[in-house]
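turn this into a structure:
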Amino acid sequence: MSQGKSWLKALLEIIKVLFESSRKNATPRTWHQHVVPYEGDWAVRREGNKRITTKHRKQSTAIDNAKRIARKKKADVIIHREDGTIRDRVSFD
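Residues are numbered from 1 along each chain as shown. The predicted structure is shown next:
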């Protein structure tokens, strides 16, 4: 094997090891839905997202929407109070 080919083979092996180790350490994304206060109203936000999924005038409507999404994805709904603390959790696994 030529020196150039062995160098390329070693480089590819290093890249493969780095790629595999980075995937092991990555936290998997969840589909948990949070019902949170948002600009005087209520919003549904997927766990880990900064952007909201939907905005609602009433918390009950936001909860219904979050439950619909969570049921499809076999996830949880985390319901927050106006002060941001968690009031309830509903699981659909």
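
helix or strand next in line after the helix or strand harbouring Ile14, which one?
If you go by DSSP states H and E, Ile14 is part of helix 3-25. Tracing the chain C-terminally past helix 3-25 and defining elements by DSSP H and E, one meets strand 33-38 next.

partner strands of that following strand and their direction?
Partners of strand 33-38 in the sheet, by DSSP bridges, are strand 41-46 (antiparallel), strand 76-80 (parallel).

for it, buried residues please.
Gln33, His34, Val35, Val36 (16 or more other CB atoms under 10 Å). C-beta coordinates here come from the backbone N, C-alpha and C atoms, glycine included.

what would the strands paired with strand 33-38 look like in TSV with mean neighbour count?
Formatted as TSV, those follow (neighbours: other CB atoms under 10 Å):
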stretch	mean neighbour count
strand 41-46	21
strand 76-80	20
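
would TSV of those with distance to Lys5 and mean pLDDT be doable?
As requested, the strands paired with strand 33-38 are arranged in TSV below (distance: least, CB to CB, whole Å; pLDDT from 0 to 100):
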stretch	distance to Lys5	mean pLDDT
strand 41-46	47	98
strand 76-80	52	97
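
export the helix or strand bottoming out on mean pLDDT in the chain to CSV, keeping only CA atoms.
Least confident helix or strand, the chain: helix 3-25 with a mean of 77, by mean pLDDT, DSSP states H and E. Extracted in CSV, the C-alpha atoms of helix 3-25 (Å, rounded to 0.1, in the frame of the first residue of the first chain):
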residue,chain,number,x,y,z
GLN,A,3,2.2,6.0,1.8
GLY,A,4,-0.6,8.3,0.5
LYS,A,5,-3.3,5.6,0.7
SER,A,6,-2.3,4.5,4.2
TRP,A,7,-2.4,8.1,5.3
LEU,A,8,-5.9,8.5,3.8
LYS,A,9,-7.1,5.3,5.4
ALA,A,10,-5.8,6.5,8.8
LEU,A,11,-7.5,9.8,8.4
LEU,A,12,-10.8,8.2,7.5
GLU,A,13,-10.6,5.9,10.5
ILE,A,14,-10.0,9.0,12.8
ILE,A,15,-13.0,10.8,11.3
LYS,A,16,-15.2,7.7,11.8
VAL,A,17,-14.2,7.4,15.4
LEU,A,18,-14.8,11.1,16.1
PHE,A,19,-18.2,10.9,14.4
GLU,A,20,-19.4,7.9,16.3
SER,A,21,-18.3,9.3,19.6
SER,A,22,-20.0,12.6,19.0
ARG,A,23,-23.3,10.7,18.3
LYS,A,24,-23.1,8.8,21.5
ASN,A,25,-22.8,11.9,23.6
